[in-house]
Structure formats: structure tokens, C-alpha cells
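J.: give the three-dimensional model of this entry:
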Amino acid sequence: MGLGLHKVSEVIGILRKWAFLSAVAAVAVIGCGGSNGGSNPTGGTDGTPGTNVTVNLNRNFGRVEFAYISGAGTTAPGDLTAISGNAELEDQFGTVRQQLGNQVFSPLAQYTFQFGAINVPFTGPSVPPDLDTRLFESFRVSFVGFDEEGNSQRLAFVNPIDVSARIRTFPGRRSGVPIYLDSDMFETQSVDGVTSVLIKPESFLARNNEETGGLRSILSDFVAFDLTGMPEADRPQLSNGQPAGRFLLSGDNYAITDANPQQGGIELLTSEVSEPIPGTYVAEKTIGSTNTPGTYQLLQPDPTDLTGIAKIVAFRGEWKDQARAFSGMGNFEVILFPSSKDDEMLEAVAVVRSGNVVSNLYFGFANLDSGELTLNPIKNLVAGTTDGEITGSVSNFRTRNGGGTVLPSAVRTGTFNLTGGTLPAGFSGSGTFVVYRV
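T.: Residues are numbered from 1 along each chain as shown. Coordinates of the predicted model:
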């Protein structure tokens, strides 16, 4: 049985022209447990995994980053530029309304990618002290106003609308929300000589996932594991045939990069298209005591360039190395990453380290309902095989306060047991797993 693509949440297309990002469609292993035939794994054991690991996330807020994606490719008199100044989200704990920072200008007739963000609080009088996540199911579409090509007067926006959404935030993490804008979504009206702009709700929803119920978020921050300490033959290959330098996962997606230390190419892996989604990255920087996370952006061909050479940005996010994401990691750890659905399906990584150098890494998923854990060698990520697959179980789920739980969103640690397949050197057959959440 071959390596499959396991979809863990809904699909978000980044651009309708090339809807390439399966936002939250992760590559994972399906089927075929114990492909090497062993029922009692054997291998190295070095301490008890998970007992000293601390997740380095800020409990105070989660960040929601709005990607305003516009485009039709032409500019002419009368064309509009939408001006966004704030974002308003609503959940059962109240309304979060904040300015985006600088105003965001989106020319509706040009292919552009603009960016604004707000911080969602997880502390305060209206927020429960142990809240694991916030799910916003309403988003207000509103604009500061519109600039019109050839007109020196700004036009007012007169009909804000509330649309369905499924925007989930986690404390300390980043969620990206693509918002598509184009000229067909708006119309002008003139009353008593004053021109204003109205949104056409049906056109907005048609471009913004009406079929899945409204706007969607994806986890846009990755944790990276440097693979350059592993033999090249044990690493997944980039589309150019070179061994990957890093493996990144968010809970929603996987990605791999080249081995350049400072900046280079990144490839997102999704079930929606057969080819990797290309992009670029810049590494983390530390100046004095201040650390700046690494960044990445995904690219697509500029539809206005008939040669297909020019590229435009279609999505962006951040990443940080495993050594900054976690403290107290031992020589072997199993770590689970929740998706933006925040359900029972979690991405999993099992990593063997010497100091901060990764010498072996397996990827896969855990099902907290069924208790199944499946792991594959990282080289299988793009190889289409399950050779070397390891299977096992997860159980004994604990909250952040140490109490027992069966609620996936409350799980912070638990026990893993690897019982199918042959364990490589450095793997432990059992121990404590850790979930990447505060």
C-alpha cells in the first residue's frame, strides 16, 4: 500500500485563478500498519521521552493574519481600491474588533497581496482562564472607504455585512485568513450627487468559500526540523531532486526547504495538486536578545505575464526552529500538532536528536479517538511508499493541569507505545508525547 494524502480539514484556495493551497490538507500516512512485519519493536532507548519538554508559546493571545488578495489584472479610470482599517470577529465570548495597524490598500483591478493582523486575547474578564482555543463563526466585512482611479475624493462604504466564518485561533500561534476581493463584488451608487460603494454579498461569498460556509483560517506558523544532520538518502527530495534541508509542519500542512542556512526555496505539500507549491523563505535572526522568526511566502505565476516567468505572492507566514519552539527536549521525542479543525486528528513527528542536531525523523498522525499512531520515515514524505512504517497507540491523555481528559482540545500530554514495525536506533518503544499547544 502506498503513501497517501490525508486531508485533515477544509480546503481554502489561495487564488481562484490557481486555487492551490489546500489550507489544512496535510500529507500523512494512511493504511498499512507494520509494513516491515515486526510486532515487537527493537531499538535504542535513551531516557523517558516527553518528561521535561516545555512548549514555548505565549498564553496571552493568538494572532489572526488577514491576507487580502485582489486581482483582475488591468487598471482603468473608475477602478476602485478597497481600504481596510480593522477586523471584527465574534464568538461566544464576545466581539474582537481591532485595527489592522496600517491601513491596507487593495486595488481591485490588480493582482495584489496585502496583509493585516489582529491579536485575539486569551486573558481578560470575558475569557475563561483555561480556554484552549477560540472559534469565530462570524466576520464583519467592512471598509474604511474606497479610492477611485481618476477621482480625488474618497468614496464611502455604506453596507457592511456579517458573513459566516470558521476562524480558529490558538494561544501563541498564528492563523491566516485569505480574503478575496475583486471588482465584481462591488458597485457604486449616487444619491443626491454623493457617490458611495456597496458590496454585493452574493459575489463576495462566491469567491470566499460559500460552498464550505464562509471564510476559513489555516495555521500559518510552522515548526522546522533541520535535516542536514541526516544522511542525504534518508531525507525527502525537493522537486529538483536535491535532498531537503528542513522539514516543517504546522498541524495543517507539511513543507520542506532547501539546505541554505539564510534564505532559499520552500515547497508546500498538499493533496489538492500533484505538484509542490513553491515559495521562498528567510531564516530566523537573533540580534542581541531579540529573535525574529523566519518567514515564508508562497508564489504563483502572475496571470498577466504570458511568459509564465513572473511570480506573485499568494500567501505568507512564519516559522521557527524546533530548538526555539520547545525547551527541555531529550534525545528522542514524540510531538503532536493540532489542526485548525482542532479535532481528534493530529500531525505527529518522532525525532531522534544529539543536542539540537536531528539524526533521524519520522512523520505521521495520531487519532486521539481511536488511539492509533502511525509514523513513517521522513524520506517517504514524497516517495510514495510506506517502507519502514511504525504503528502504535496513544493513551492516558492529560490536560495542562495533569487531569485526565478525552477532549482532544484539552490534551497536552499522554502516553505512546510503538508496537508494530522495527524501531530504528535511538527510538523508544514507549514514553510521553507532548502536544504543541500552551
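J.: which residues in the stretch 301-438 of the chain form strands?
T.: 311-321, 326-327, 332-338, 345-354, 357-367, 372-377, 390-398, 413-420, 430-435 (DSSP state E, counting those that start in this stretch).
J.: angle of the fifth one against strand 413-420?
T.: Between strand 357-367 and strand 413-420, the angle formed by their directions is 90 degrees, by axes from the mean of the first three to the mean of the last three C-alpha atoms, to 10 degrees.
J.: what helix or strand is Leu205 located in?
T.: Using DSSP states H and E, Leu205 falls within helix 201-207.
J.: mean confidence for the helix or strand following that helix?
T.: Counting by DSSP H and E, the element after helix 201-207 in chain order, helix or strand, is strand 215-216. Computed over strand 215-216, the mean pLDDT rounds to 90.
J.: strand 215-216 pairs with which strands, and in what direction?
T.: strand 161-169 (parallel) (DSSP bridges).
J.: now do the partner strand: everything it contacts.
T.: 10, 62-64, 89-90, 120, 133-141, 175, 177, 199, 201, 204-205, 208, 212-217, 340-342 (C-beta atoms under 8 Å, 6 or more residues apart in numbering). (Each C-beta comes from the backbone N, C-alpha and C, glycine too.)
J.: ends of stretch 137-151, how far apart?
T.: End-to-end distance of stretch 137-151: 37 Å, with C-alpha to C-alpha, to the nearest Å as the criterion.
J.: for the protein, what spans make up the helices?
T.: Secondary structure of the chain, counting by DSSP state H: helices at 201-207, 322-325.
J.: mind checking which of these is nearest Thr286?
T.: Shortest distance between Thr286 and those, using C-beta to C-beta, is found for helix 322-325: 9.2 Å.
J.: packing partners for the closest one?
T.: strand 221-226 (3 or more C-beta pairs under 8 Å, 6 or more residues apart in numbering; DSSP states H and E).
J.: contact partners of the strand it packs on?
T.: Under C-beta under 8 Å, 6+ apart, the answer for strand 221-226 is 173-174, 245-250, 253, 255, 257, 293-294, 296, 317-322, 325, 337, 349, 351, 356-358, 361, 436.
J.: and with 6 Å instead?
T.: Residues external to strand 221-226 that are found in contact with it (C-beta atoms under 6 Å, 6 or more residues apart in numbering): 173-174, 246-248, 250, 317-319, 321-322, 325, 358, 361.
J.: before we move on, back to that, looking at the helices of the chain, which is buried most?
T.: Highest mean neighbour count among the helices of the chain (mean count of other C-beta atoms under 10 Å): helix 322-325, with a mean of 18.
J.: who's in contact with that helix?
T.: Residues contacting helix 322-325 (C-beta under 6 Å, 6+ apart): 56, 223, 225, 356.
J.: ok, longest strand in this protein?
T.: The residue-count maximum for a strand in the chain (DSSP state E) belongs to strand 94-107.
J.: roughly how far out does that one sit from the chain middle?
T.: When C-alpha coordinates are averaged (C-alpha atoms, centre = their mean, to the nearest Å), strand 94-107 and its chain have centres 21 Å apart.
J.: outside of that strand itself, list whatever touches it.
T.: Residues from elsewhere that reach strand 94-107, judged by C-beta under 6 Å, 6+ apart: 68, 70, 81-86, 88-89, 114, 116, 118, 120, 126, 181.
J.: in that strand, what's buried?
T.: In terms of neighbour count (16 or more other C-beta atoms under 10 Å), strand 94-107 has its buried residues at 96, 98, 100, 104, 106-107.
J.: what does stretch 345-358 give?
T.: Per 16+ other C-beta under 10 Å, stretch 345-358 contains these buried residues: 345-353, 358.
J.: remind me which residues of the stretch 101-250 of the chain are low pLDDT?
T.: Residues of the stretch 101-250 of the chain meeting the criterion pLDDT under 70: 210-213.
J.: for the stretch 51-200 of the chain, which segments count as strands?
T.: 54-55, 61-70, 80-91, 94-107, 112-121, 134-141, 145-148, 151-157, 161-169, 174-181, 186-191, 194-199.
J.: relative to strand 61-70, how tilted is the fourth one?
T.: Taking the same axes, to 10 degrees, strand 94-107 and strand 61-70 form an angle of 30 degrees between their directions.
J.: strand 94-107: partners in the sheet, and parallel or antiparallel?
T.: Assessed with DSSP bridges, strand 94-107 is paired to strand 80-91 (antiparallel).
J.: what do you get for the fifth one?
T.: Counting by DSSP bridges, the strands paired with strand 112-121 are strand 61-70 (antiparallel).
J.: that'll do, ta.
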